[in-house]
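1. quick one: sequence plus predicted model below, questions after.
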Amino acid sequence: MSSYPEFAIIGMGRSGMSMARYLMRQGIAFDVMDETSCHCEGIAPRQQFTGPLDAALLCRYRQLLVSPGIPWQHPALQAARAAGVKVCGDLELFASQFPCALYTITGTNGKTTATHLLQQLLQHLPGDCVSAGNIGTPMLDVLDAEHLPQRVVLELSSFQLERSAGIHPQWAVLLNVQPDHADMHDSAEAYQAAKLRLFANQQAGDTAMLPMDHQWDDVCQQLYDRGVYVHRFGFAQAGELMAETLSAGVLRHGRKTWRLFWHQLGKKEQINCRHVSLRGLHQQINMAVAAQGAADAGVPADVIRDTLIRFRGLPHRLQYVGETAGKAWYDDSKATNPTAAIAALRSFERVIWICGGLRKGLDLTPMIPTVRQHVSHALIIGEEPDAWVDMLTQAEVAHAIAGNMERAVHMAVNLQSASDVLLSPAAASQDQFANYAERGRAFVNAMASLSTTIPVLSSDEDTPS
């Protein structure tokens, strides 16, 4: 008898642990591997391996279950695939076992807000609905429930999608694709292809939603040809031809009136954007997408309207966190790339902008027009500020290097500008924080700790220039 079981799990984080629990429930023996450390509390692998992945070792197994944090093109995984070893992730297992209605959401930005809101809306239908995947409950843990939910809304990353060939959602949406996480894929094209795997197995009777951008026209046509019902969503001026082709999104009526809309039973349902709490065109479009998903599932229009009006959004996503020193403060720490920050900045006339962090090689120059138009002053945090200084100089925006969050907040208070204060870093957080949530909490805590009398910065400190 071989000393190796048929299965090995690679990467023992949140997803790896859920895969281990799943195999244990099935009575299947497995080994676990992690390049740093194996945390196996509550599970019972046959063997544990720590250190660099060994291609020869991986080839001893029939199937490798790979966590999303492990690069899909790791040389050891490539060698295992070439040797005929099946390599997949938790989504492959889940899709093969979940028998009920599956709603799926992917995209670079906005996934969590759309997933959370759609799950809230679907709760109004008979039978339970849970959200899982890249948000909340690991998806394989859903299969362990005493009673399977009638519906699951999955938030899916590109890393999860590239590890699965068999997912078949009844309803699927691609919110957007921006140049984030491309460093974890072979190319930007590979990143986009991973996202589009969401639709690969859809067929007649299923529903897909894609942005109105022309780059998705060919994909939509392919889905139409398979009999999939396709919605397009986005933003348009009321009365324009494009406005008539959108199923959901935001319409501008005149100069100052904006309405969120979706279609239900042949009728366009609308809400004045002034009546919803979430700020920002991008967030309101995501709300419209969730509304369309709920309408497709049969949630009554009045229930959708009431839920959207009451929805307050999620932490660290353009969230209003209070007012102090005569300024309103907004936490958008989840904006970990330039595209997300551009969307946030466009939600304000003028703003004091706290930016910076781990850039991951992303180009900041596309931000220049938006920054020039919407930023009154910029305060830079993070360990590598030079790229931000260069971009802000080109945008001709007053700026200063604050370095850390507490200093940035105090500098923002001392600015004479009446603008609100927005943390929307356009960068990852790991140069100074464990994650974007810790960064957002640091912003909120620094703002909350301000006294009524704020000391003026001394002349030898950095000031906006």
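-> Looks like it arrived, so ask away. Residues are numbered from 1 along each chain as shown.
2. switch to C-alpha atoms for all contacts and neighbour counts from now on
-> Noted.
3. H39 - that's part of a helix, no?
-> No. Assigned with DSSP: H, G, I helix; E, B strand; the rest coil, H39 falls outside any helix and is coil.
4. quick one: contacts for it?
-> H39 is in contact with M12, G13, counting by Cα atoms under 8 Å, 6 or more residues apart in numbering.
5. pLDDT value on it, please?
-> We have a pLDDT of 74 for H39.
6. against G16, how distant is it?
-> Using Cα to Cα, to the nearest Å, we find H39 at a distance of 10 Å from G16.
7. repeat for A80
-> Taken as Cα to Cα, the span from A80 to G16 is 19 Å.
8. low-confidence ranges, this protein, go.
-> 1-2, 179-184, 451-465 (pLDDT under 70).
9. which one's the longest helix in it?
-> helix 281-297 (DSSP state H).
10. so how far is that helix from its chain's centroid?
-> Centroid separation between helix 281-297 and its chain, computed with Cα atoms, centre = their mean, to the nearest Å, is 15 Å.
11. what's the answer for stretch 93-102, then?
-> 22 Å.
12. list the buried ones in that stretch?
-> Counting neighbours by 16 or more other Cα atoms under 10 Å, one finds that the buried residues in stretch 93-102 are L93, F94, A95, F98, A101, L102.
13. and of the residues you listed, the nearest to G326?
-> Using Cα to Cα, L102 is the member of these that lies nearest G326, at 46.4 Å.
14. do you know how far the closest one is from D306?
-> 24 Å.
15. quick check: domain ranges of the protein?
-> Split into domains by automatic domain parsing, the chain comes to 7-88, 92-310, 319-448.
16. thinking again about what came up before, contacts for the longest helix of the chain?
-> Counting by Cα under 8 Å, 6+ apart, 110, 113-115, 117-118, 121-122, 171, 175, 233-235, 247-250, 260-264, 273, 278, 301, 304, 308, 343, 347 sit against helix 281-297.
17. same check, this time on stretch 420-439
-> 316, 318, 327-341, 344-345, 350-360, 382-383, 412, 440, 443.
18. show me the contacts for G326.
-> Residues in contact with G326 (Cα under 8 Å, 6+ apart) are A418.
19. any idea how far it lies from S417?
-> 10 Å.
20. equivalent analysis for S277, please.
-> For S277, the distance to S417 - Cα to Cα - is 25 Å.
21. also E41?
-> 53 Å.
22. coming back round to it: show me which of A80 and G16 is the more surrounded one.
-> Taking other Cα atoms under 10 Å, A80 and G16 do not tie; G16 has more neighbours (27 against 23).
23. pretty sure that one is touching L23, no?
-> No. Using Cα atoms under 8 Å, G16 is not in contact with L23, being 10.7 Å away.
24. got the buried residues for stretch 219-230?
-> Buried residues in stretch 219-230 (16+ other Cα under 10 Å): C220, L223, Y224, V228, Y229, V230.
25. and the helices in the stretch 151-300 of the chain?
-> Assigned by DSSP state H, counting those that start in this stretch, the stretch 151-300 of the chain shows helices spanning 158-162, 188-196, 217-225, 241-245, 281-297.
26. TSV for those helices, including distance to T137?
-> As requested, the helices of the stretch 151-300 of the chain are exported to TSV (distance: least, Cα to Cα, whole Å):
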stretch	distance to T137
helix 158-162	14
helix 188-196	21
helix 217-225	30
helix 241-245	36
helix 281-297	20
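27. where's S424 relative to E383, distance?
-> Going from S424 to E383 by Cα to Cα gives 16 Å.
28. about what we covered before: redo the buried residues of stretch 219-230 as JSON lines? Include distance to Y436.
-> Listed next are those as JSON lines, based on distance: Cα to Cα, whole Å:
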{"residue": "C220", "distance to Y436": "34"}
{"residue": "L223", "distance to Y436": "36"}
{"residue": "Y224", "distance to Y436": "39"}
{"residue": "V228", "distance to Y436": "37"}
{"residue": "Y229", "distance to Y436": "36"}
{"residue": "V230", "distance to Y436": "34"}
